[in-house]
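S.K.: I'll drop the sequence and a predicted model, then ask my questions.
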Amino acid sequence: MKRAILTAIALVAVPFVALADDDDNKAEAGMGLAGILSKSNREALPELTLSAGQPVAKGALTLKSGKYYTLEIKADGSQELALEGAGFFRAVWVNEIVIEGIEIRPLGVDSIEFDEAGEAEISFIAIKPGSYHLKVPGSTGDTQQVSITIE
């Protein structure tokens, strides 16, 4: 009878030992209990600029799936400009968009438009590998878009 009870206790304890091992592995990988939302998994991307006749970005962006990013977009007000990229926004999980201290937690995004000078910061986790673009709607020039690759 004692042997059956000890066996039952051992079987119940096995999943908890496995969970403890998982926590140790996360710590070794540099992530805390928050996992992919941990500070150690965050990276700030180069700023995007919206200005009449000026390039949107200095170059293409390469992201890693599962990494948390922040992207700052600044508009100088020289023209009403937007960035669209439904494909990109469907390939990431948007945590929040911050505009003038106001935090927005959207279920989906298609574009962001600036009618005047201002800035917005988007924080997101890259999910779906592939090639995407954020571009000024109606533009055809390569400088009016930023290419984004998620690996």
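M.R.: Received the coordinates, thanks.
S.K.: only C-alpha atoms for contact and neighbour calcs from this point on.
M.R.: OK.
S.K.: Sticking with the residue nearest in space to the middle of the chain, tell me its helix or strand.
M.R.: Against the mean C-alpha coordinate of the chain, by CA atoms, centre = their mean, the closest residue is F124 at 2.2 Å. Using DSSP states H and E, F124 sits within strand 118-126.
S.K.: List of residues touching that strand?
M.R.: With CA atoms under 8 Å, 6 or more residues apart in numbering as the test, strand 118-126 has contacts from 63-77, 91-100, 150.
S.K.: swap in stretch 39-56?
M.R.: If you take CA under 8 Å, 6+ apart as the criterion, stretch 39-56 is touched by 30-31, 57, 67-79, 81-82, 143-146.
S.K.: among those, which ones are buried?
M.R.: Using 16 or more other CA atoms under 10 Å as the burial test, these include 31, 57, 67-76, 81-82, 143-146 as buried.
S.K.: mean confidence for whatever helix or strand V146 lives in?
M.R.: Element membership for V146 (DSSP H and E) is strand 145-150. The average pLDDT within strand 145-150 is 97.
S.K.: counting contacts, what elements does it pack onto?
M.R.: strand 61-63, strand 130-135 (3 or more CA pairs under 8 Å, 6 or more residues apart in numbering; DSSP states H and E).
S.K.: Could you dump those strands into TSV with distance to D110 and mean pLDDT added?
M.R.: Converted to TSV, the helices and strands packed on strand 145-150 look like this (distance: least, CA to CA, whole Å; pLDDT from 0 to 100):
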stretch	distance to D110	mean pLDDT
strand 61-63	19	98
strand 130-135	10	97
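S.K.: Let's have these in CSV, adding mean neighbour count.
M.R.: As requested, the helices and strands packed on strand 145-150 are exported to CSV (neighbours: other CA atoms under 10 Å):
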stretch, mean neighbour count
strand 61-63, 16
strand 130-135, 18
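S.K.: Using a markdown table, lay out those strands together with distance to E116.
M.R.: Converted to a markdown table, the helices and strands packed on strand 145-150 look like this (distance: least, CA to CA, whole Å):
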| stretch | distance to E116 |
| --- | --- |
| strand 61-63 | 26 |
| strand 130-135 | 18 |
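S.K.: Looking at the ones you listed, which is nearest to G87?
M.R.: For the helices and strands packed on strand 145-150, proximity to G87 was assessed by CA to CA; strand 130-135 is nearest, at 6.4 Å.
S.K.: can you give me the strands in this structure?
M.R.: Assigned by DSSP state E, the strands in the chain fall at 42-44, 48-50, 61-63, 68-75, 81-84, 92-99, 102-104, 111-114, 118-126, 130-135, 145-150.
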